[in-house]
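Engineer: what shape does this take:
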Amino acid sequence: FAFTTEEYDMFEVCFEGKAMGGVQSPDREVFLSLKHGVEAKSYDELAKAEKLKPLEVELRRLEDLSKSIVDDFAYMRSREEEMRDTNESTHSRVMYFSIFSMGCLLGLATWQVLYLRRYFKAKKLIE
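Structural biologist: Numbers count the residues shown, from 1 in each chain. All right, here's what the predicted structure looks like:
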C-alpha cells in the first residue's frame, strides 16, 4: 500500500482489526514505514519511463537529494529567524517587566519608610 501526495498537510493513519461475527480479533503487531521526500520517490519507475541508464538514474537521485538538503537548510534558516525574533521579543518583555517590578519595589519601600516615620512621630517614639 502506498499513499502519495504533492501537498504538505497532516495525515492520520488508522488500523482496525475485524473478525467474523463481531468477535474481538486478537492483538496484532503492525509495522509502519513512512517515507517522505526523496526517499519516497521511485527511481526505478522513473528510469523505465524516461529510459535512463543506471548512472543517469543515480545522478538524478543525487540531484534530488542535494535539492532536498538545500530546501531543508532554507527551512532551518527561516525557523532560526523566527526563533531569534521570538527570543528577542521575550527578552524585551522580561526586561520591561523587571524594570516595572523594580519601580514598584522602590515605590513601596519609599512609601513604607515614610509611613513608618509618620507613625512613629505620631506616637512620639522618634523626633
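Engineer: when you work out contacts or count neighbours from here on, use the C-alpha atoms and nothing else.
Structural biologist: Noted.
Engineer: below-threshold pLDDT in this protein: ranges please.
Structural biologist: Per-residue confidence for the chain (pLDDT under 70) gives these ranges: 1, 6, 22, 24.
Engineer: let's go with 80 and repeat that
Structural biologist: When the per-residue scores of the chain are filtered using pLDDT under 80, the ranges that remain are 1-8, 15-28, 30, 34-41, 127.
Engineer: and the longest helix anywhere in it, what does it pack against?
Structural biologist: Longest helix in the chain, counting residues (DSSP state H): helix 54-122. Helix 54-122 sits against helix 43-50, with contacts defined as 3 or more C-alpha pairs under 8 Å, 6 or more residues apart in numbering; DSSP states H and E.
Engineer: packing partners for the helix it packs on?
Structural biologist: For helix 43-50, the contact count by 3+ C-alpha pairs under 8 Å, 6+ apart identifies helix 54-122 as packing neighbours.
Engineer: now the angle from the longest helix of the chain to helix 43-50?
Structural biologist: 130 degrees (axes from the mean of the first three to the mean of the last three C-alpha atoms, to 10 degrees).
Engineer: chain center to helix 54-122: distance?
Structural biologist: On the basis of C-alpha atoms, centre = their mean, to the nearest Å, the separation between the geometric centre of helix 54-122 and that of its chain is 15 Å.
Engineer: what's the neighbour count on Ser66?
Structural biologist: In terms of burial, Ser66 registers 13 neighbours under the definition other C-alpha atoms under 10 Å.
Engineer: what's the spacing between it and Ala47?
Structural biologist: Relative to Ala47, Ser66 is positioned 19 Å away (C-alpha to C-alpha, to the nearest Å).
Engineer: and the residue nearest the centre of this protein?
Structural biologist: Centrality entry for the chain: nearest residue to the mean C-alpha point is Arg79, 8.8 Å, by C-alpha atoms, centre = their mean.
Engineer: quick check: that one vs Tyr8, distance?
Structural biologist: In this structure, Arg79 and Tyr8 are separated by 17 Å, where distance is defined by C-alpha to C-alpha.
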